[in-house]
Structures are given as structure tokens and as C-alpha cells.
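Chemist: Need coordinates for the following:
(4 chains)
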Number of protein chains: 2
Amino acid sequence: MDSPDFRRMLRRRGGRATPGRLRLMRALWRAPAPVTAAKLQKSLGGALNLATLYRALDDLAADGVVRRVDFRHGHAHYELAAERAHHHHLACTRCGAVEDVDCALRPRLKKSSAFAVITDHAMEYFGLCKACGVRASASKETAA
Amino acid sequence: MDSPDFRRMLRRRGGRATPGRLRLMRALWRAPAPVTAAKLQKSLGGALNLATLYRALDDLAADGVVRRVDFRHGHAHYELAAERAHHHHLACTRCGAVEDVDCALRPRLKKSSAFAVITDHAMEYFGLCKACGVRASASKETAA
DNA sequence: TCATTATTGCAAATAATTCGCGTTTATTAT
DNA sequence: ATAATAAACGCGAATTATTTGCAATAATGA
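Modeler: Here you go, the predicted model:
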């Protein structure tokens, strides 16, 4: 499949398609699995400052362009959210290896899997509690 | 329901039932939702040093007595794993409120819920990749 | 082209979690 | 009981990931 229109994605909510963010998008597009901010920076040849990178990732995650994923590694991982079927992740509790699991789930390992066993899983839902749901309509999110 | 046999749980794998860890267990037992290490310490009246607390939580999580939960708050939450039906969590992306969701899932909010909407969810599986699965039988885990 | 405002880099600041290390103490075996 | 052994503790310092302030730069729309 050919790459999405990054330029447009970046401009979604008044954002700007800077060379830096375009490279970031391409790097994310290339990544076979969720990556850490640090690895992303490396894969960009240090082109972007780490702080800048974090800011960009934050912005993009807020816009739903990027997904922030959390394995139990003590640092966040990021992946492109758009253009990818919704899926889950399987992480090795030892070495940190990660692989995608498609959503028609039923946690059975297929033969092609590099994993031996699933020992645990976790699911977190995110949303807005009633109190925040009210405030939400009022303040913030005025950009759309 | 009356509290589990914390003393026994702590001794599961050669651990020791120190007054500190017993208090920790009771605090976790009381907690209505997963708590952060910092809050735990407060709820213990500062009885345990934070470093000690983290070490205890680590140990207990490794023994499966405690579950380490991760919402997107930048810090971990912990809850008692034993004696509780397997369940998931629903976290407010704004204020951080958390509530349990039982496992016969089908993410529909019941009327009793304090939440307005579910905007997103994440599921992570944990296990051992083949490479680590092999090494696992050899090294470590020799305590049982 | 010009103004507006997002983005960037840099350095310093936070915040959560971990580590080293010497001391205390729960357990187990005597 | 008591002593030996390893777990657990506290303290303070060290790490690590992530954030922030601020001045400089550049993308976009008029």
C-alpha cells in the first residue's frame, strides 16, 4: 500500500507540514512496530531535537494521527494510527519484543508468531467521565 | 468479603511478612481503585519509604500478588491481583478517574457508570517470545 | 510580500522510578 | 531460645523519560 497523504494529515487541525514533521511521519510509516521517541530520533538521524519530537508526537496523538502505546517498559511507544486497521499488541515481558495482533481477537498464537506463550493481557478503556464530558463541550477542543 | 491471608501471600515465594508489607497489602485491599505508589505511601501515613514501596510492589507484581496497571498518566498504578475477579479499567482521559469494568465485556456503559463516553481503548497482551521462552526454563525462576 | 502563529532547538527543570549500601529483622535450622 | 542467613529497609544519590521556558525560525493565508 502506498503512503498516506502526510501533508494533509499534518494540516488537519491547523498544523503545519514542516520538513521535520514530514520526516517524522515517514519514519513512523516505515516502522514495523511501535517505536520509542528515542528510537524515532535515531531513525531520523538525529534530525529532530528530542523535545521537538515529543511535542510533535503529543500534538499528533491529540489529533488522532498517532497512537501512543504503552507496554510495561517504562517509556512510551508510538505508531501511526491512521491507515492501519485497529489492532492490539503482544509484548514479551522479558525482552520487549512486540508484534501486532489483529482485532478479530481470540488470543491464540498463530504458527507464524514469534511468541511462545501469552501469560497475561491488559485492556484499558479511555473516555470521559460525566463531569468531564460536560466541561468538554464548553472549553478546549474549539479548533475543529 | 473478608480480607485474604496476606501473611501467606507475602510468604509465597520465600518472601517475608514484615509489618511494612502487611500494611501495604491492607492499604491495597482498602483501595477502591488502582493507586499510585505515591498515594499508597500517603495512605500508609508515610510509614514506608518510597523506594522500599517500589521494591515491594515490584516483588509482589513479579509474584502475581499485585497487578501493575497503566493508564496514560505517566505513572503506574497498582492493585491487588488476587481475590479479585479479572477485570478491566476505564479511565477518564481528562481527570484520570478510574472505574472497573468486568470481564464479560462488551464496552457498554451501564447507567450506574460515572462515565459519559468511551472514546478509545487499548489492549496489550504479555507473554514470552520463543527465544525468551527457551531461556526462561533454564535461568531464573528457580525459587518455586 | 507581510503578518500571524506553529514549530524548533537548546538548556534547564521535573517527576517517576531505581540503585548502592550499610543496617535491621523475619525466618529457619540448631 | 539462639544464631545464621537472606530479605527488607531507609537514606540519599543517580537514572531516565518527558516537559518547559524562551528566543529564533519558518509555514501558511491574506
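Chemist: ok, now which ones touch residue A:35?
Modeler: A:27-28, A:43, A:77-79 (C-beta atoms under 8 Å, 6 or more residues apart in numbering or on different chains). C-beta coordinates here come from the backbone N, C-alpha and C atoms, glycine included.
Chemist: Now intersect these with the helices, please.
Modeler: Members of the contacts of residue A:35 lying in helices (criterion: DSSP state H): A:27-28, A:43.
Chemist: and of those residues, the nearest to DNA strand C?
Modeler: residue A:27 (12.4 Å; C-beta to the nearest atom of the strand).
Chemist: Can you name the residues of chain A that neighbour DNA strand C?
Modeler: A:10, A:14-16, A:18, A:20-21, A:47-49, A:51-52, A:55-56, A:59, A:74 (C-beta under 7 Å from any atom of the strand).
Chemist: From the residues you listed, list just the buried residues.
Modeler: Among the residues of chain A next to DNA strand C, those scoring as buried are A:10, A:15, A:20-21, A:48, A:56 (criterion: 16 or more other C-beta atoms under 10 Å in any protein chain shown).
Chemist: Determine which two of the residues you listed are furthest apart.
Modeler: A:15 and A:48 (15.2 Å; C-beta to C-beta).
Chemist: Can you list the residue ranges for strands in chain A?
Modeler: Remark: strands assigned in chain A by DSSP state E are A:66-69, A:77-80, A:87-92, A:98-102, A:115-129.
Chemist: tell me the contacts of the closest residue to residue A:38 other than its chain neighbours?
Modeler: The spatially closest residue to residue A:38, leaving aside those adjacent along the chain, is residue A:50, at 7.2 Å (C-beta to C-beta, 6 or more residues apart in numbering or on different chains). Going by C-beta under 8 Å, 6+ apart, residue A:50 touches A:37-38, A:41.
Chemist: where's residue A:50 relative to chain B, distance?
Modeler: 17 Å (C-beta to the nearest C-beta, to the nearest Å).
Chemist: quick one: residue A:20 and residue A:31, what's the gap?
Modeler: 17 Å (C-beta to C-beta, to the nearest Å).
Chemist: Over to residue A:23?
Modeler: 13 Å.
Chemist: any idea how far residue A:20 is from residue A:65?
Modeler: Applying C-beta to C-beta, the value for residue A:65 to residue A:20 is 15 Å.
Chemist: ok so, going back, mind listing which of the residues of chain A next to DNA strand C are in helices?
Modeler: Filtering these for helices - DSSP H - leaves A:10, A:20-21, A:51-52, A:55-56, A:59.
Chemist: farthest pair in the residues you listed?
Modeler: A:10 and A:51 (18.6 Å).
Chemist: Of the buried ones among the residues of chain A next to DNA strand C, which ones also sit close to chain B?
Modeler: Counting by C-beta under 8 Å from any C-beta of the partner chain, nothing from those sits close to chain B.
Chemist: Same list, those residues, but as TSV with distance to residue A:69 and pLDDT please.
Modeler: Formatted as TSV, these follow (distance: C-beta to C-beta, whole Å; pLDDT from 0 to 100):
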residue	distance to residue A:69	pLDDT
A:10	21	95
A:15	21	93
A:20	22	96
A:21	20	97
A:48	20	94
A:56	16	97
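Chemist: wait, which of these is closest to residue A:3?
Modeler: So of those, ranked by how close each gets to residue A:3 (C-beta to C-beta), first place is residue A:10, at 12.9 Å.
Chemist: Let me see the contact set for that closest one.
Modeler: A:16-18, A:21-22, A:25, A:60, A:65.
Chemist: please redo it, this time with the cut-off set to 10 Å
Modeler: A:16-18, A:21-22, A:24-25, A:56, A:59-60, A:63, A:65 (C-beta atoms under 10 Å, 6 or more residues apart in numbering or on different chains).
Chemist: May I see those arranged in a markdown table, with distance to residue B:89 as well?
Modeler: Shown next, in a markdown table, are these (distance: C-beta to C-beta, whole Å):
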| residue | distance to residue B:89 |
| --- | --- |
| A:16 | 36 |
| A:17 | 37 |
| A:18 | 37 |
| A:21 | 33 |
| A:22 | 36 |
| A:24 | 31 |
| A:25 | 31 |
| A:56 | 29 |
| A:59 | 26 |
| A:60 | 25 |
| A:63 | 25 |
| A:65 | 25 |
